[in-house]
Every structure is written in structure tokens, then in C-alpha cells.
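**Q** sequence first, then the predicted structure, then my questions.
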Amino acid sequence: MTKFYGSIEAGGTKFVCAIGDENFKIIERVSFPTETPEETMPNVIAFFQQHQTDLAAIGVGSFGPIDIHKDSKTYGYITSTPKLPWQHYDFIGELKKHFSVPMTWTTDVNAAVYGEYVAGSGKGLNSAVYYTIGTGVGGGAIQEGRLIEGFSHPEMGHMQVKHHPEDDFAGACPFHGDCLEGMAAGPAIEKRLGKKGQDLAADDPYWEIEAYYLAQCVYNTTLLLRPEVIILGGGVMKQQQMMKNVRQAFTKLVNDYVEVPALEQYIVFPALEDNAATVGCFAMAKEAALHN
């Protein structure tokens, strides 16, 4: 009997649910808007019920913060998210009411870095860091096959950054104001300029300001972790000129202090594009099924 693996990428804007095979090929995929749990979760459950007979395991990568500790009373919960309807929501508990298969639970960016590690820009390497720059900013890191976590998962998107000299924007993060997410995420761009980043011309002067913040992110990550590759994904990075801008700004920040790999191999786009988290969830689900 062919066994399939389930993936749930629970993002801030939409949920992407998929079924894949043992080679992480997507067999079927659907997406739903991220509304309230009462509106969104029945769609998720209905999708996987169609494949229940062949479902071996489910991997979930969710927006956070989330509780990742299996010995915790609230393991599998979304915790202090600014999305109020999802605060303290028992995500894994709800799934277990309907499916008796192994499940894995991590952040959406952890799932993405894992996907890139097993099948994308980090394949064959020992370490990788992935950032998504979109509705929010999030980051995940992996070292020798293990996600880097401690008492909880990283929240790299809220690192502090210096203001660009020509940017007087106060920041859009409700918790920290001018952290990385507050200065560089999609909503910050729109709040600052009065229009979405996708509506800006490729040569708009703002993109150099954006690159300055993202370069600080790469700089901080380089000095803290020295990974073999840093992968930048998400909607803001759909602006193809951004990669060149970030590499240039990063070079100025480092100022030859440390040696880094060739930037064309060090600061890169996700090879799996928008499928990184889905593939990561498949891979984690497959491991859970093997070890169950």
C-alpha cells in the first residue's frame, strides 16, 4: 500500500495543506485564508480526511510563537500570537481528535529551513539558516540535521536593527516597534510608504533602505552562527533586485572583518521557492512515521 505524508503550513495569511509521497513530491495541495480556528480548521480536517486511508503521518509548521516542548501541558499550542483568535489554541490536540497518525510540530520557518536542508539550497551542507520576509519576518536554523532550539524556538525576525540614516519610520511591530520585522516586513513597507512593496518600481530608492535592514539580519546571523548558507525567501524577496542589494549592503557591513563564502553561494534564494515549508513538513512527517 502506498503511504502518503501530510503537510500543514499554517501561515499568517493562508494555510497550505498538501499530500506528498516518500520522495516529497506534492500529490495534491490546497490553500485557505487564515481566519479564525473555527473557520479554518474544518477545511484543514476535511482535506486530510479525503486521504485518511493512506495517510502515514502529518507534519505541521505554524506561525508562532508556539509551544514545542513535548513534556509541556501546552505542547502543540499556538501561544502568544498577535492573531488573537489563535492565542492559546490547541492545534495538535484538534488534529488528534480526527487523525490517529504520528504528528510533528514546529514553526513554519523551521519547516522551511528543514525543507531546504533536505532538498533545496542547503542540501549536502551541515548548516543552514532560512529567513522569510513577507507578512512578518521569521527565521529558522539547522546544524547537522537538528533544528537550533533551546527553551523555545528562535524568534529571529524580532532582532534589533539600526535605522537607515534616511529612514525616520518608527516601526510597525506592536511589541518592539523598530525591530527587523517592524522595519522590513511587508506591512511595514506599506505603513511607511502608503502602498505595497509589490507596487513599487524595481529602481525605487526605498529598496536600498530595505536591503540595509536585511543585510543587518544577514550580518548578525553570520557573526552569531557562521552558517554555510543563508536563504532569503518570502514575498518581499520576490523583488529580484533585492538579492543584489542585500549582498552589496552586507559586504559594506562586514567590512572584511570575517571571511565568508562567495556571496552567490552564501546569500541565496530558496531552491524550493514557495514549497520549502511543505517539503520540510513532508520530511519531518516521514521521519515521524519511520520512528513511530
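**A** Alright, I've got the coordinates.

**Q** going forward, measure contacts between C-alpha atoms and count neighbours the same way
**A** Will do.

**Q** what's the domain layout of this structure?
**A** 4-107, 121-271 (automatic domain parsing).

**Q** dump those domains to CSV, plus distance to Tyr114, mean pLDDT and mean neighbour count.
**A** Listed next are those as CSV, based on distance: least, Cα to Cα, whole Å; pLDDT from 0 to 100; neighbours: other Cα atoms under 10 Å:
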stretch, distance to Tyr114, mean pLDDT, mean neighbour count
domain 4-107, 10, 95, 18
domain 121-271, 7, 96, 18
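
**Q** quick check, central residue of the chain?
**A** Most central in the chain under Cα atoms, centre = their mean is Val109, positioned 2.4 Å from the mean C-alpha point.

**Q** hey, where'd the helices end up in this protein?
**A** 37-49, 91-96, 108-119, 180-184, 186-193, 206-225, 241-254, 263-266, 276-291 (DSSP state H).

**Q** do you know how far the residue nearest to the centre of the chain is from Ile230?
**A** To Ile230, Val109 is 13 Å away according to Cα to Cα, to the nearest Å.

**Q** before we move on, what about Thr222?
**A** As defined by Cα to Cα, Thr222 lies at a distance of 8 Å from Ile230.

**Q** go on, Glu287?
**A** Distance, Glu287 to Ile230, using Cα to Cα: 25 Å.

**Q** list the contacts for the residue nearest to the centre of the chain?
**A** Val109 makes contact with Gly61, Tyr130, Tyr131, Thr132, Gly138, Gly139, Gly140, Ala277, according to Cα atoms under 8 Å, 6 or more residues apart in numbering.

**Q** in a markdown table: the residues you listed, plus distance to Val16.
**A** Formatted as a markdown table, these follow (distance: Cα to Cα, whole Å):
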| residue | distance to Val16 |
| --- | --- |
| Gly61 | 10 |
| Tyr130 | 19 |
| Tyr131 | 18 |
| Thr132 | 16 |
| Gly138 | 17 |
| Gly139 | 19 |
| Gly140 | 19 |
| Ala277 | 9 |
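
**Q** and which of those residues is nearest Lys195?
**A** Of all the contacts of Val109, Thr132 has the smallest distance to Lys195: 20.3 Å, by Cα to Cα.

**Q** which residues are in contact with the residue lying closest to Met242 once chain neighbours are set aside?
**A** Excluding the flanking residues, the one nearest Met242 by Cα to Cα, 6 or more residues apart in numbering is Ala211, at 6.5 Å. Going by Cα under 8 Å, 6+ apart, Ala211 touches Met242, Asn245, Val246, Ala249.

**Q** got it, and Gly134?
**A** Neighbouring residues of Gly134 by Cα under 8 Å, 6+ apart: Ala185, Gly186, Gly234, Gly235, Val236.

**Q** give me every residue that touches the fourth one.
**A** What that stands for is Gly235. Contacts of Gly235 (Cα under 8 Å, 6+ apart): Thr132, Ile133, Gly134, Thr135, Gly186.
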